[in-house]
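**Student:** Sequence and computational prediction follow.
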Amino acid sequence: MQIRPPHLAALLAASALTQPATAAPAVKFVPAFPNLTIKKPVWTAPIPGTDTELLLAQGGVIYELPEDRGAEEAKVWLDFTDRVQIDKDFEEGLLGLAFHPKYASNGKFYLYYSRQNPKRSILSELVARDHKPDPSSERVLLEIAQPYWNHDSGLPTFGPDGYLYVSTGDGGKANDPLMTSQNLFSLLGKILRIDVDGRSGDLPYGIPEDNPFVGKPGARAEIWAYGLRNPWGLHFDKGGRLWCADVGQALWEEIDLIEKGGNYGWSYREGAHDFELSRNPPLVTEGKDAVKLIDPVHEYSHADGISITGGVVYDGEAFPRLKGHYIYGDWGSGYVWGLKVDGEGKKVANVILRQRNRTDAKQGRSFQPTAFATRPDGELWILSWDGKIYEME
Ligand SMILES: [Ca+2]
Ligand SMILES: [Ca+2]
C-alpha cells in the first residue's frame, strides 16, 4: 500500500517551522582526501591507542585511512568479504564496528554485518593481535533473522557503563508488516544492551541485570529500548546521553534521546505524528498497562530530506559555536544541521550547517552523508555515499 504524498503546502509550512531563527555558522564541507574514493563508506573509527583510523566500506572491507591527504588508495586492514554476504547492496553489508573499552589489553572489536540463506544480521566479536585483525578469531554473539533486505540498522557502540548497545531496524519493507518494533519478543526494531564479557545461561554474552525487561515474561531481556524503525546513527555524548536518529518512512525523520525501557513509537507513530497505516493493536492509553510513547526531541519533514543520518555531539575546537550541537544530516537532500538541546532534552536550536544539494546535473546528489564520526583531534569526518570523506572547514 502506498502512502499518498502529503500536501506540499503543509510540508513546506512544517519545513518553515524547523528552520532556525539564528544565522547558520559559516561552515564548508570539503573533501578531505580529494583523490581517494572508497565505495559506500559507512563508518570510521580510530584504533584505540594508535594513530591509525579505520574506514568501513559496506561491501565488507575495512581500510586504513591514509596519512597522506593526497593518497589515491587506502590500505586494507581487514577483508571480510568472505563472510559478509549481500543480496541487496543498498542496505545490506558490513554496517558497524565498535572497539571494546579494554581493547588495549584484550584486542577485541565487534562487527555487525549481513549474511544470507537464511537472511540474517550478525554481531560478532573478533580479536586483533598487535592491531592486526585475526579473522579466525570470530565469535558470533547475535544472529538476528532478517525478513527483508532493508532496515537492518546495525550500529554497535559501547556505553559509558561498558555494555555494548546495538540498534536493530524493524526488519524491513514498508509499514512494519510483521509488527516487530512493538513486539518485545522480537529483537527487531530495538536498541539492545548486552555484556560482551559475561555469559547468561547458554548465551554467548551476558544480560546486564538492570536491563528493563529482565524477568518479564514474553520479553527479550536484551532489549534496552524499542519502537524503532531503522536507526542510522547511535551515539553516546560526553554526558552519557544516548542519541538515536531513526529513519522515517514517508513523512518524518526523527532524533531521539534514548531512555531505559523507552518506547519510541514506531509503528504507532512516525516522528511526532500518528502513523495512519499502523497495523498494531489499539493502544492501551489508560490503566496500569497504559503504553507511553516517547516523541522525538526533533523531527523534520520530507520537504527537507528523505533519510536521516545520525551524528555526534560536537566537542572540537575549530568551531566553538558548534560545541554541544548534535551534528547530523540527511542522506537524500544533503542538508547538515546542528541541533542543540538543553539539560532536559528540550530543543533549543536547530541550525543549518550545509544547504541542500542543488539538483542541477553537474552537482547532482553528490553529497549524501552516511555517517558523522568524531576523529581523534575532536573534529569530524563526514562520510558520503559517493565514496568521499568530508571535513568541515
Ligand atoms: Ca532487514
Ligand atoms: Ca519514533
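**Tutor:** Nice, thanks for sending it over. Ligands and ions are numbered 1, 2, ... in the order given.

**Student:** Please enumerate the helices of the stretch 51-200 of the chain.
**Tutor:** Secondary structure of the stretch 51-200 of the chain (DSSP state H, counting those that start in this stretch): helices located at 103-106.

**Student:** any idea how far residue 141 lies from ligand 2?
**Tutor:** 27 Å (C-beta to the ion, to the nearest Å). Just so you know, the C-beta spots here come from the backbone N, C-alpha and C atoms, and that holds for glycine as well.

**Student:** And for residue 115?
**Tutor:** In terms of C-beta to the ion, residue 115 sits 28 Å off from ligand 2.

**Student:** Then residue 324?
**Tutor:** 24 Å.

**Student:** How is that residue assigned, secondary-structure-wise?
**Tutor:** coil (DSSP: H, G, I helix; E, B strand; the rest coil).

**Student:** who's in contact with it?
**Tutor:** Residues in contact with residue 324 (C-beta atoms under 8 Å, 6 or more residues apart in numbering) are 313-315, 340.

**Student:** Okay, and which of those residues map to strands?
**Tutor:** For the contacts of residue 324, the ones inside strands are 313, 340, with DSSP state E as the criterion.

**Student:** Which one (most neighbours) among the contacts of residue 324?
**Tutor:** In terms of neighbours by other C-beta atoms under 10 Å, these top out with residue 314 at 24 neighbours.

**Student:** hang on, isn't that one packed against residue 325?
**Tutor:** Yes - the criterion here is C-beta atoms under 8 Å, and residue 314 meets it with residue 325 at 5.3 Å.

**Student:** which residues are common contacts for the two?
**Tutor:** residue 338.

**Student:** nearest spatial neighbour of residue 296, skipping sequence neighbours?
**Tutor:** Using C-beta to C-beta, 6 or more residues apart in numbering and skipping residues adjacent in sequence, the residue nearest residue 296 is residue 254, 3.6 Å away.

**Student:** Quick one: residues contacting the one you found.
**Tutor:** Contacts of residue 254 (C-beta under 8 Å, 6+ apart): 245-246, 248, 271-272, 296, 298-299, 308.

**Student:** ok, now with 7 Å
**Tutor:** 246, 248, 271, 296, 299 (C-beta atoms under 7 Å, 6 or more residues apart in numbering).

**Student:** before we move on, which element is the fourth one in?
**Tutor:** When you say that, I think you mean residue 296. Using DSSP states H and E, residue 296 maps to neither a helix nor a strand.

**Student:** Distance of the nearest residue to residue 177 once chain neighbours are set aside relative to residue 110?
**Tutor:** Once flanking residues are discounted, residue 177 sits nearest to residue 279: 7.2 Å by C-beta to C-beta, 6+ apart. Remark: distance between residue 279 and residue 110 (C-beta to C-beta, to the nearest Å) = 33 Å.

**Student:** Compare these two (neighbour count), which wins?
**Tutor:** Neighbour count, other C-beta under 10 Å: between residue 279 and residue 110, residue 110 has more, with 22 against 13.

**Student:** thinking again about what came up before, filter the contacts of residue 324 to keep only those in contact with ligand 2.
**Tutor:** Among those, not one lies near ligand 2 by C-beta under 5 Å from the ion.

**Student:** For the contacts of residue 324, work out which two are farthest apart.
**Tutor:** Using C-beta to C-beta, the contacts of residue 324 reach their maximum pairwise distance at 315 and 340, which is 13.2 Å.

**Student:** Write out the residues of the stretch 201-350 of the chain neighbouring ligand 2.
**Tutor:** Within the stretch 201-350 of the chain, the positions adjacent to ligand 2 are 264-265 by C-beta under 5 Å from the ion.

**Student:** Can you show me the helices along the stretch 201-350 of the chain?
**Tutor:** According to DSSP H, counting those that start in this stretch, the stretch 201-350 of the chain contains no helices.

**Student:** Let me see the contact set for residue 251.
**Tutor:** Contact analysis of residue 251 by C-beta under 7 Å, 6+ apart lists 6, 270-271, 301-302.

**Student:** Could you identify the pair within those that is furthest apart?
**Tutor:** The widest separation within those (C-beta to C-beta) is 12.0 Å, between 6 and 271.

**Student:** of these two, who's got more company?
**Tutor:** Shown here are residue 6 and residue 271; by other C-beta under 10 Å, residue 271 has more neighbours (22 against 15).

**Student:** With adjacent residues omitted, what lies nearest to the more buried one?
**Tutor:** residue 252 (2.8 Å).

**Student:** Tell me the bridge partners for the one you found.
**Tutor:** Going by DSSP bridges, residue 252 is paired in beta bridges with residue 301.

**Student:** Next up, the contacts around it.
**Tutor:** Neighbour list for residue 252: 270-271, 273, 299, 301 [criterion: C-beta under 7 Å, 6+ apart].

**Student:** now, which of the residues you listed lie within strands?
**Tutor:** Going by DSSP E, the strands hold 270, 273, 299, 301 from the contacts of residue 252.

**Student:** could I get the residues you listed as a markdown table with neighbour count and distance to residue 372?
**Tutor:** Converted to a markdown table, those look like this (neighbours: other C-beta atoms under 10 Å; distance: C-beta to C-beta, whole Å):
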| residue | neighbour count | distance to residue 372 |
| --- | --- | --- |
| 270 | 25 | 23 |
| 273 | 16 | 26 |
| 299 | 22 | 18 |
| 301 | 21 | 21 |
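
**Student:** end to end, how far does stretch 99-118 reach?
**Tutor:** Stretch 99-118 stretches 28 Å from its first residue to its last (C-alpha to C-alpha, to the nearest Å).

**Student:** Going forward, count from 15.
**Tutor:** New numbering, starting at 15: the last item is stretch 113-132.

**Student:** can you tell me if it touches ligand 1.
**Tutor:** No - judged by C-beta under 5 Å from the ion, stretch 113-132 and ligand 1 are separated, with a smallest distance of 8.0 Å.

**Student:** before we move on, the earlier item: make sure the residue nearest to residue 191 is actually in contact with residue 194.
**Tutor:** No - counting by C-beta atoms under 7 Å, residue 293 does not reach residue 194; the two are 11.0 Å apart.

**Student:** Can you pull up the most central residue in this structure?
**Tutor:** By C-alpha atoms, centre = their mean, the chain has its centre lying nearest to residue 247, at 2.1 Å.

**Student:** That concludes my questions; thank you for your assistance.
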